[in-house]
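Colleague: predicted structure and sequence below. I'll ask about it afterward.
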Amino acid sequence: MPTFTALTTLPVKTAAEALGLAMEHMAPEPTGIGVFEVEDGSGLYEVGGYFTERPDMAALALLAAAFGAQPFVVSELPETDWVAHVRRELAPVRAGRFFVYGSHDGDKVPDGVVALLIEAAMAFGTGHHGTTLGCLEALEGLIEDGFVADRVADIGCGTAVLAMAAARIWDATILASDIDQVAVEVAEANLCANGMKGRVSCLEAAGFDHADLRAAAPYDLIFANILKGPLIALAPDVETHLRPGGFAILSGILNEQAKNIVDVYAQFGINPLKQTRIGDWTTLVLQKTA
């Protein structure tokens with residue numbers, strides 16, 4: 001079955017949300033609609049629709065004009081088994097002692113590593129992206145420095161690869177949360193696949209908006225591999241839930257956004273210790289003032 005996308009941008013959030021609602025009444029109907037802030041500092045909002053039939057171009061043009069949006073760009077996506085594609089393309093990843101692999105590469109796991117089995121699935125965080133890899137390398141650095149955590153939170157956990165890495169190292173209380181229920185289910189499946197069922201508590205939550213997350217605080221270590229906007233919004237909660245002297249590993253940050261994140265967290269007494277770049281992405285290690 002073919003899939004078509006129709007994408008546009010506009011500068012006003014309320015107009016973008018209204019355009020998204022208006023698209024729901026198109027014929028043929030879209031199978032999904034998303035409205036997102038573009039994370040490049042432009043201040044624009046992207047509105048996108050997915051269709052199983054070619055969308056009505058005249059209707060899209062009228063909607064764009066009515067809401068002050070750029071003309072829609074319509075594309076037909078190739079029919080691809082993305083999981084199979086990822087399995088073929090993604091080689092195992094080494095980050096210090098951590099070795100992240102798929103089951104198709106089970107025969108490639110070397111001796112003496114902390115092996116993490118992560119299948120290609122509908123959740124972010126296989127270890128190949130510069131943000132996840134940066135977080136694993138940051139964790140390796142803390143371990144090398146002798147840091148030991150008793151309580152860990154992985155906010156925006158995706159596959160829960162970071163939470164599992166921590167659970168492999170420490171006998172700690174570890175909670176992992178994501179706003180996407182699919183990610184929570186993938187995280188739980190990955191824990192089972194790694195023989196770690198029950199070692200990490202997986203929760204559906206936005207940030208720390210869950211009673212279990214709040215009850216387990218204060219944390220010695222908080223991971224947040226999300227995006228600039230949510231990271232900035234999360235700063236007060238990180239300050240509240242991180243113990244004095246505790247560490248935060250933050251990523252999902254474009255290189256040019258790093259200074260802004262550092263400045264925001266410094267206002268809450270959470271100061272930078274280390275900053276690394278992998279490709280376009282920056283990972284930050286910060287410590288709360290003791």
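Modeller: Looks like it came in fine. Numbers count the residues shown, from 1 in each chain.
Colleague: list the residues that contact the spatially most central residue of the chain.
Modeller: In the chain, the residue lying closest to the centroid (C-alpha atoms, centre = their mean) is residue 226, at 4.2 Å. Counting by C-beta atoms under 8 Å, 6 or more residues apart in numbering, residue 226 makes contact with 155-156, 234, 252. (C-beta placed from N, C-alpha, C; glycine too.)
Colleague: so which one among those has the lowest pLDDT?
Modeller: Lowest in pLDDT among the contacts of residue 226 is residue 252, which has 89.
Colleague: the strands in the stretch 51-200 of the chain, which residues?
Modeller: In the stretch 51-200 of the chain, the segments counted as strands under DSSP state E, counting those that start in this stretch are 73-77, 93-95, 98-101, 114-117, 151-155, 173-178, 200-204.
Colleague: pLDDT on the first one, on average?
Modeller: By that I understand strand 73-77. For strand 73-77, the mean per-residue pLDDT is 88.
Colleague: sorry, back to before: can you put the contacts of residue 226 in JSON lines and add distance to residue 216 and neighbour count?
Modeller: Output for the contacts of residue 226, formatted as JSON lines (distance: C-beta to C-beta, whole Å; neighbours: other C-beta atoms under 10 Å):
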{"residue": "155", "distance to residue 216": "12", "neighbour count": "30"}
{"residue": "156", "distance to residue 216": "17", "neighbour count": "26"}
{"residue": "234", "distance to residue 216": "16", "neighbour count": "23"}
{"residue": "252", "distance to residue 216": "23", "neighbour count": "26"}
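Colleague: what stretches of the stretch 1-150 of the chain score poorly on pLDDT?
Modeller: 1, 39-40, 78-91, 119-129 (pLDDT under 70).
Colleague: give me that answer again for 80
Modeller: The model of the stretch 1-150 of the chain has pLDDT under 80 over residues 1-2, 39-41, 77-93, 102-107, 119-130.
Colleague: can you tell me how far residue 252 is from residue 111?
Modeller: The gap separating residue 252 from residue 111 is 33 Å, by C-beta to C-beta, to the nearest Å.
Colleague: repeat for residue 242
Modeller: On the measure of C-beta to C-beta, residue 242 and residue 111 end up 36 Å apart.
Colleague: tell me which of those two has more neighbours.
Modeller: Applying other C-beta atoms under 10 Å to residue 242 and residue 111 shows that residue 242 carries more neighbours, namely 25 against 5.
Colleague: hang on, the more buried one packs against residue 218?
Modeller: Yes: shown here, residue 242 and residue 218 form a contact pair, counting by C-beta atoms under 8 Å, at 6.3 Å.
Colleague: highest average neighbour count across the strands of the stretch 51-200 of the chain?
Modeller: Ranked by mean neighbour count, the strands of the stretch 51-200 of the chain are led by strand 151-155 with a mean of 28 (mean count of other C-beta atoms under 10 Å).
Colleague: quick one, it and strand 200-204 angle?
Modeller: Counting by axes from the mean of the first three to the mean of the last three C-alpha atoms, to 10 degrees, strand 151-155 lies at 40 degrees to strand 200-204.
Colleague: counting contacts, what elements does strand 151-155 pack onto?
Modeller: Applying 3 or more C-beta pairs under 8 Å, 6 or more residues apart in numbering; DSSP states H and E, one finds that strand 151-155 makes contact with helix 161-169, strand 173-178, helix 211-216, strand 219-225.
Colleague: switch these over to a markdown table; also include distance to residue 268.
Modeller: Below are the helices and strands packed on strand 151-155 laid out as a markdown table (distance: least, C-beta to C-beta, whole Å):
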| stretch | distance to residue 268 |
| --- | --- |
| helix 161-169 | 22 |
| strand 173-178 | 20 |
| helix 211-216 | 17 |
| strand 219-225 | 12 |
